[in-house]
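A.B. asks: structure for the following, please:
(2 chains)
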Protein chains: 2
Amino acid sequence: MTRVILTLCYDGTDFHGWQIQSNAVTVQGELMTALKKIFGSPVPVAGCSRTDAGVHAKTFVCHADIPSPFPLERLPLALNALLPAGIAVQSAKAAPEGFHARFSCKGKTYCYRVYNARLRDPFQVHRAYFFPRPLDAERMHLAAQGYVGKHDFAAFAATGSVVEDTVRTIYGFSVERKGDLIEFKVTGNGFLYNMVRIMVGTLISREMGKLTLEIPEILKRGDRTLAGITVPPQGLYLERVYYTEID
Amino acid sequence: MTRVILTLCYDGTDFHGWQIQSNAVTVQGELMTALKKIFGSPVPVAGCSRTDAGVHAKTFVCHADIPSPFPLERLPLALNALLPAGIAVQSAKAAPEGFHARFSCKGKTYCYRVYNARLRDPFQVHRAYFFPRPLDAERMHLAAQGYVGKHDFAAFAATGSVVEDTVRTIYGFSVERKGDLIEFKVTGNGFLYNMVRIMVGTLISREMGKLTLEIPEILKRGDRTLAGITVPPQGLYLERVYYTEID
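C.D. replies: So this is what the prediction gives:
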């Protein structure tokens, strides 16, 4: 048995997220089906995180424990020939001793895209959140600096999610306008369920005048009802996954 | 009755082309349904051209004969509220005397996008033609200059299409690489059925060594079997439509 690191890219539009489900098409499910065809027996696969239905990944890392040798440089093309076109395996390499796609992960960068123009762009429907009222990217960028640092993010987790420890470290948060698109980029050592979507939604709710509390105050109060909306999944992209320390 | 010029943009992925059909979702069909809801009676609509299933339009022009006055500056938002997200009306203005979206049209610019890299990009599946073998954009650009001018394009029309006059004028044809994407842009006074897709396919077939004839020779012989493949619809975009003379 050899542990292999696979790097993927996927358009989440046609998938019910990463995690395998018995009655829905998922990225992990499709990948395991393809691996089983190649190796003739089930191949266990573990991902760096779960992504929700409709969420995209520019880079997603998982490991697969393959039961027999295979020339790894040829594994991406072999898998891509079997996978739906919405998923592409970009690389395969042998995992170092003790590597685990989820537990070895030191951090991630997510990008959230908002299409902010008066009229919608049909080509952005599944690729960005269409928000027609004007947003000030610079003002959101300034407000977002309140997220940076080590904080208890309990106010920014989906209600009902059960996690013991809600402390996470955000290394950076930038908001930048590129024409009609606004890109929110956030890097952290880990994220609670829906955390990125609530962090972005809170910046937008503040812009709309629906929230007056500053981010540090919301963090301190730890109350989900004080934060903003959960923006929809189609704007969210997992961009990078880190396996060495981030400074 | 007032003739109104509507400018649209649409992602062709979810539509069976422009033209209304009784048993398929089309752009014209959706637009006419939305117009009927606003005006309470059927509104005749004529487009600048037909587009096939899967073909996109960055700009598509049509005219609609509305039965009662409507503030035209508000018509795009009113229509967009009723249309599927894959279609957006960008503008509405009163048509000049004698205007017809198809018959007044002086020319069009199409763009064809090829994703030319070893591994597919899941985000380009419905937006470009994935062609993994290397293509030389500069060499195709040079070859494509053979299309420019007034020629009989009989060799570049889908077999079975019935058109009396197969002479068209191509004003310009450029092929440019932008990273892993190759953009073919062609402007002409009119195009035969599948003409752009066969012109691009012929450049690609030549690159693959499947065709040795130069473009002028294929034009002269007028035989469809001497031209190349018909590349698939998802790479094709109607980019601009001209209603004044092109020089």
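
A.B. asks: give the contact list for the residue nearest to A:T13 when sequence neighbours are not counted.
C.D. replies: Closest residue to A:T13 in three dimensions, ignoring its sequence neighbours and counting by C-beta to C-beta, 6 or more residues apart in numbering or on different chains: A:H126, at 4.4 Å. The way it works is simple: take the backbone N, C-alpha and C, and place the C-beta from them, glycine included. The neighbours of A:H126, taking C-beta atoms under 8 Å, 6 or more residues apart in numbering or on different chains as the test, are A:11, A:13, A:54, A:234.

A.B. asks: pretty sure the last one is in a helix, no?
C.D. replies: Right, A:Q234. Yes: with DSSP: H, G, I helix; E, B strand; the rest coil as the criterion, A:Q234 is assigned to a helix.

A.B. asks: and for it, the neighbour number?
C.D. replies: Applying the criterion other C-beta atoms under 10 Å in any protein chain shown, we find 20 residues in the vicinity of A:Q234.

A.B. asks: from A:F130, how far out is it?
C.D. replies: Plainly put, A:Q234 is 9 Å away from A:F130 if you go by C-beta to C-beta, to the nearest Å.

A.B. asks: show me where chain A has strands.
C.D. replies: Taking DSSP state E, the strands of chain A run over residues A:2-10, A:45-47, A:56-66, A:87-94, A:107-115, A:129-130, A:149-152, A:167-178, A:181-188, A:236-242.

A.B. asks: can I get the ones you listed in TSV including mean neighbour count and distance to chain B?
C.D. replies: What follows is the strands of chain A, written out as TSV (neighbours: other C-beta atoms under 10 Å in any protein chain shown; distance: least, C-beta to the nearest C-beta, whole Å):
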stretch	mean neighbour count	distance to chain B
strand A:2-10	21	5
strand A:45-47	20	16
strand A:56-66	22	8
strand A:87-94	18	5
strand A:107-115	22	11
strand A:129-130	20	8
strand A:149-152	15	33
strand A:167-178	17	16
strand A:181-188	21	14
strand A:236-242	21	10
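
A.B. asks: now those strands as JSON lines including mean pLDDT and distance to A:R139?
C.D. replies: Formatted as JSON lines, these follow (pLDDT from 0 to 100; distance: least, C-beta to C-beta, whole Å):
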{"stretch": "strand A:2-10", "mean pLDDT": "96", "distance to A:R139": "32"}
{"stretch": "strand A:45-47", "mean pLDDT": "97", "distance to A:R139": "36"}
{"stretch": "strand A:56-66", "mean pLDDT": "97", "distance to A:R139": "27"}
{"stretch": "strand A:87-94", "mean pLDDT": "96", "distance to A:R139": "37"}
{"stretch": "strand A:107-115", "mean pLDDT": "98", "distance to A:R139": "14"}
{"stretch": "strand A:129-130", "mean pLDDT": "98", "distance to A:R139": "18"}
{"stretch": "strand A:149-152", "mean pLDDT": "97", "distance to A:R139": "20"}
{"stretch": "strand A:167-178", "mean pLDDT": "97", "distance to A:R139": "9"}
{"stretch": "strand A:181-188", "mean pLDDT": "98", "distance to A:R139": "11"}
{"stretch": "strand A:236-242", "mean pLDDT": "97", "distance to A:R139": "22"}
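
A.B. asks: how about these in JSON lines, adding distance to A:R206?
C.D. replies: JSON lines is the format used below for the strands of chain A (distance: least, C-beta to C-beta, whole Å):
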{"stretch": "strand A:2-10", "distance to A:R206": "32"}
{"stretch": "strand A:45-47", "distance to A:R206": "33"}
{"stretch": "strand A:56-66", "distance to A:R206": "25"}
{"stretch": "strand A:87-94", "distance to A:R206": "36"}
{"stretch": "strand A:107-115", "distance to A:R206": "14"}
{"stretch": "strand A:129-130", "distance to A:R206": "16"}
{"stretch": "strand A:149-152", "distance to A:R206": "17"}
{"stretch": "strand A:167-178", "distance to A:R206": "12"}
{"stretch": "strand A:181-188", "distance to A:R206": "13"}
{"stretch": "strand A:236-242", "distance to A:R206": "19"}
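
A.B. asks: against A:L6, how distant is the closest residue to A:V186 other than its chain neighbours?
C.D. replies: Nearest residue to A:V186 in three dimensions, chain neighbours excluded: A:F173, at 4.7 Å (C-beta to C-beta, 6+ apart). As judged by C-beta to C-beta, A:F173 and A:L6 stand 29 Å apart.

A.B. asks: could you measure from A:G12 over to chain B?
C.D. replies: From A:G12 across to chain B, the span is 9 Å (C-beta to the nearest C-beta, to the nearest Å).
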